[in-house]
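K.L.:
model the following, please.
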Amino acid sequence: MPKNPIARNPTQVVSDITSRDPTAAWHEDDGNWVFRVGSVIQETNTTGVAYLFKSKDLKHWELVDNRLYTLPGSGIWECIDFYRPDPSSQNYVLKASLFNTQHDVYALGSYDSAAHKFIPDNPELDFFGFESSRYDYGRVYASDSFFEPVKQRHIVLSWVNETDTEELELQRGWSGFLVS
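P.N.:
Numbering: from 1, shown residues only. Model prediction:
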């Protein structure tokens with residue numbers, strides 16, 4: 001449709017296939033709507049990144065100059081999740097689904113809304129290289145969360161990958177499932 005909101009891929013991105021799973025937009029204090037998308041930086045093809053796009057009217061989107069966060073060697077990021085586990089706190093969780101490993105990993109930190117930057121609490125022990133930063137130690141992948149205001153909590157929905165063969169999946173007629 002000619003009037004749909006469209007955000008173009010950043011020129012640093014390898015291809016459309018590497019800009020993965022845009023999130024719902026949120027309204028920031030500066031009056032902009034912002035959404036995030038995971039990807040990989042073209043020059044390296046191994047540096048995972050979370051890009052931010054902003055808009056005043058939800059129709060015209062522009063790429064924010066600063067990247068929310070990047071990490072060399074982590075590969076393509078999908079399903080970026082970024083939230084405060086406690087709405088009254090200034091602590092944030094940044095979660096990415098790593099395409100190369102099919103695991104969801106996270107880091108704790110803060111958010112500089114003026115610079116649109118995530119600042120990890122402990123950058124020396126960056127989250128994507130350590131098993132202790134995984135959301136789950138099973139087959140959970142491509143999770144996303146939403147805030148449930150009645151009980152003041154985040155609910156995480158996740159895809160669970162199959163371990164069966166493709167032939168069994170085709171016989172059964174389904175593959176994988178969602179959990180919360």
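K.L.:
buried residues in stretch 158-174, which are they?
P.N.:
158-160 (16 or more other C-beta atoms under 10 Å). The way it works is simple: take the backbone N, C-alpha and C, and place the C-beta from them, glycine included.
K.L.:
so which of those residues is the closest to Asp81?
P.N.:
Ser158 (10.4 Å; C-beta to C-beta).
K.L.:
quick one: contacts for that closest one?
P.N.:
Neighbouring residues of Ser158 by C-beta atoms under 8 Å, 6 or more residues apart in numbering: 104, 135-136, 140-144, 178-180.
K.L.:
show me where pLDDT drops low in the chain?
P.N.:
1-20, 124-132, 180 (pLDDT under 70).
K.L.:
ok so Glu167 is a strand residue?
P.N.:
No - according to DSSP: H, G, I helix; E, B strand; the rest coil, Glu167 belongs to no strand; its state is helix.
K.L.:
could you check how far it is from Trp174?
P.N.:
According to C-beta to C-beta, to the nearest Å, Glu167 stands 14 Å off from Trp174.
K.L.:
Ala115 too?
P.N.:
Taking C-beta to C-beta, one finds Ala115 at 44 Å from Trp174.
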